[in-house]
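Student: this one's structure only:
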């Protein structure tokens, strides 16, 4: 088995601040994802990466940057935090990019903007 | 684009009640359909999936049948327990051959089961 570790669990920042969330997986999976979870809105894809150094925009990429410098890690940066962005951010991985694969999720990181 | 609709936002039941959570999808072609469950403080985890019309997925007493005719994948359980209290997400994959692996999720249904 493997695990996805997201850090930090809680990230508190000020409006306008640049904030970064980190994700590590030891499944040796090729593909990694960042989803945003808002109550009543489900999970929405921000960025994904099919391999090291690859980045693909999801439906909600505006205001975010991502980085996949090695296969095991995938970072997400909020470029200018806003109070309406307070949500839980979920990192996930799958063995490869074939349709129908299972996604494995981390426990999430909660962003709080003050 | 693809979409998933879960009719119920919240469901409150007593132990041993029958559960139905409705899921309808809109997609071209033949996506794989999933149910994920998220317990408090954890990330979503796969409950089960189905890839073909009339295929039934099941796990832990939950089940759903892929119905291409009605574009549905409704979640059912005959007798719920307090430990089933969680958020349930219906999801669909991208099209075979699209090669992104990404999923489109519904809004989620909060299930609360009272003893």
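Tutor: That came through fine. Being a predicted model, the structure only gives us computed values, none of them experimental.
Student: and whichever strand in chain B runs longest, what does it pack against?
Tutor: Of all segments of type strand in chain B, defined using DSSP state E, the longest is strand B:86-93. When contacts are defined as 3 or more CB pairs under 8 Å, 6 or more residues apart in numbering or on different chains; DSSP states H and E, strand B:86-93 packs onto strand B:3-6, strand B:23-26, strand B:33-38, strand B:103-105, strand B:109-114. All C-beta spots, glycine's among them, are computed from the backbone N, C-alpha and C.
Student: helix or strand: which one has residue B:57?
Tutor: Element membership of residue B:57 [criterion: DSSP states H and E] is strand B:56-59.
Student: give me every residue in chain B lying close to chain A.
Tutor: Proximity of chain B to chain A, by CB under 8 Å from any CB of the partner chain, involves residues B:4, B:9, B:31-32, B:34, B:41-46, B:49, B:51, B:89, B:93-108.
Student: now those: which count as buried?
Tutor: Among the residues of chain B next to chain A, those buried by neighbour count (16 or more other CB atoms under 10 Å in any protein chain shown) are B:4, B:31-32, B:34, B:43-44, B:46, B:49, B:51, B:89, B:93-95, B:100-108.
Student: the helix or strand bottoming out on mean pLDDT in chain B: how far from the chain's middle?
Tutor: Lowest mean confidence among the helices and strands of chain B (mean pLDDT, DSSP states H and E): strand B:103-105, at a mean of 94. On the basis of CA atoms, centre = their mean, to the nearest Å, strand B:103-105 sits 11 Å off its chain's mean C-alpha point.
Student: stretch B:87-106: end-to-end distance?
Tutor: Between the opening and closing residues of stretch B:87-106 there is a gap of 11 Å (CA to CA, to the nearest Å).
Student: ok, now stretch A:79-94?
Tutor: End to end - CA to CA - stretch A:79-94 spans 26 Å.
Student: got a list of what the residue lying closest to residue B:6 once chain neighbours are set aside touches?
Tutor: Leaving aside its chain neighbours, residue B:6 sits nearest to residue B:106 (3.9 Å; criterion: CB to CB, 6 or more residues apart in numbering or on different chains). By CB atoms under 8 Å, 6 or more residues apart in numbering or on different chains, the residues touching residue B:106 are A:42, B:4, B:5, B:6, B:23, B:89, B:90, B:91.
Student: give me that answer again for 6 Å
Tutor: Residue B:106 makes contact with A:42, B:4, B:6, B:89, B:90, according to CB atoms under 6 Å, 6 or more residues apart in numbering or on different chains.
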